[in-house]
Each structure stands twice: as C-alpha cells, then as structure tokens.
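[1] take this sequence and fold it.
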Amino acid sequence: MIHQIKLKNGIGLEVLDQGEGEVVLLIHGLGSNKADWDLQKNSFSEEYRILAPDLRGHGNSTKPQNKDAYGIPQIAEDMKLLLQELGIEHCMVVGFSMGGAIAFEMAVTYKNLITKMVIVNTAPDFDQLGNMGQEMITERTAMLQEQGISPLAHKIAESMFPEKNQGDLRNIFYHRLNNNAVFPYYHSFITLMEWGIGDKIKEIEIPVLVVASDMDYTPVSLKKAYTQKMPNARLEVVKNSRHGVTMDQPQKFNQILLNFFNYE
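    Numbering: from 1, shown residues only. Presented below is the predicted three-dimensional model:
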C-alpha cells in the first residue's frame, strides 16, 4: 500500500508499506524515488515488512522551497519521525547511494533505531571525495544552471546503464531523474557533497553489510577501507555491475541482502 504520511516536523512523505514481519526501511538515491526498489519490493516483502519512502525533495513527498530545509541530517530525522509515526521502535535499514549517507547518519545519530544496516555504493564522507567531488559539484552546478535537469538526467542514466542491452533501464532511469525540479535536486545534491560522519564511523557496532559494484563511480578500495573501520562490518562485491546495482544485478543483489537479513 502507498500512504501519504505527515510527520511532526511538517514534512509529508509518500511511503510504500508492503508485507509483514520485521521492518526493513529502504532509502533511495539522489534524484530518484521509491521506485529504486521496484525490483526488490516483492522479493523482500515475502518475509519482511518493507517501508520505501520518497525522501523530502523527491517523488511525491514535500519539496521545501527553503534551501536550509535540505541536508542529510534533516532527512535522517524524517526517517526517525516516520518510524515513530508508524509505531516502529527499530528496523533494518538499506541505503543506496545518497540513501547510504542517510543510513550512516541514522546509525550515528539514532543508534537505537537500527538493528542491521546495508550500505550500497556510497561513502561515509562525501565532503572528503577530493578532486572527484569538486568536479561533480562544478559540472552539475553548471549543467543545472545553464541547461536544466534533462541533460544531467541523460548523462547520469547513460553512465549508469551504458550497455546496448540496457536501453530499457536507461530509459526508465532517465525519466525518473528528469521528473526532478532543479531547486530541490540541486540543494539535495549540494548538501550531500558537504556531508560526512568522519571518525564517528568507528562507533557503528551493529552488523553492517557494505555492497560495492565492481564498476561503480568510486572504487572498491574505498569501500573496503571504510568497511574496515566498523567493528562488525563486511564487504560484498557484485561483479558486472555499475552504480545502479539494484537494477542491473537485481537477482544477485536481492539474494545477498536476504542472506544478510536472515542469517547474520
């Protein structure tokens, strides 16, 4: 079922709530929406209750027109308030890309809410990406200011799904990104690039699975390095996959996560 839920902070979230049992909160990536989990929702909801919200500034949720309303801590608080609104005391969390940043923030700010965490193709310190991060900021800012969202959506979709046989995935993701308004997308992006948890990552003691695609934007070595900073974390590498592993390798991805949910 899809619900509109008003949080105590005034933000309205559209949320997919499907299945029964232990709760798994699925947090999508930048410029996307709960459809990031279309190829997971039926598989996961056979055993679990899944919650997949559109984040603030995205999809059918509230899109504030104040730039100060954007940021990873604000979205992490939304997730806490969402769980409270639904009477959920704790859950497992899966975060993809920007969603992984939100999951990291939750794990250090709301420690008692999370029992297990899956981090997918992301980093704990976007503010420490160096030249790569600065190039992303410069390129995307210029493109959005001069051309709008469509060329950027096309570029990202092409980079995520470049193979000839991925035309359908490329088209689906392009349209998903192209539905974004510039203001909420840009401020979601720029506040993500200013965010990081630093040494707090060492405080994350819950079981953590880090999922890395072998052809993601950031190298496997980066994921391996931050995995080793957490006392109860392990790394799983998905081969023949780029950033959008939830879409380009869904069967492998789903089985890896279900094994982690069930047995670890």
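
[2] residues of the worst-scoring helix or strand of the chain on mean pLDDT that come out buried?
    Among the secondary structure pieces of the chain, namely its helices and strands, helix 130-147 has the lowest mean (mean pLDDT, DSSP states H and E), a mean of 88. Residues 133, 136, 140, 144 are the ones in helix 130-147 that count as buried (16 or more other Cβ atoms under 10 Å). (Each C-beta comes from the backbone N, C-alpha and C, glycine too.)

[3] outside of the helix or strand hosting Arg170, which residues touch it?
    Taking DSSP states H and E as the definition, Arg170 sits inside helix 167-178. Around helix 167-178, the neighbours that count as contacts under Cβ atoms under 8 Å, 6 or more residues apart in numbering are 31-33, 35, 149-150, 152-154, 156-158, 160-162, 244, 247-248.

[4] can you tell me the SS state at the spatially most central residue of the chain?
    What sits nearest the mean C-alpha location of the chain, by Cα atoms, centre = their mean, is Gly99, with 2.0 Å. Assigned with DSSP: H, G, I helix; E, B strand; the rest coil, Gly99 falls in the helix class.

[5] I figured it hits Val118, correct?
    No: with contacts defined as Cβ atoms under 8 Å, Gly99 does not count as touching Val118, sitting 9.9 Å away.

[6] show me the helices in the chain, by range?
    Listed in chain order, the helices found in the chain under DSSP state H are 41-44, 72-85, 98-109, 130-147, 149-160, 167-178, 182-193, 220-227, 245-248, 250-263.

[7] quick check: buried residues in the last one?
    Translated: helix 250-263. Taking 16+ other Cβ under 10 Å as the neighbour-count basis, helix 250-263 is seen to contain the buried residues 250, 252-254, 256-258, 260-261.

[8] how about the residue nearest to the centre of the chain: what's its closest non-neighbour residue?
    Ile27 (3.3 Å; Cβ to Cβ, 6 or more residues apart in numbering).

[9] I'm done for today, thanks for sticking with me.
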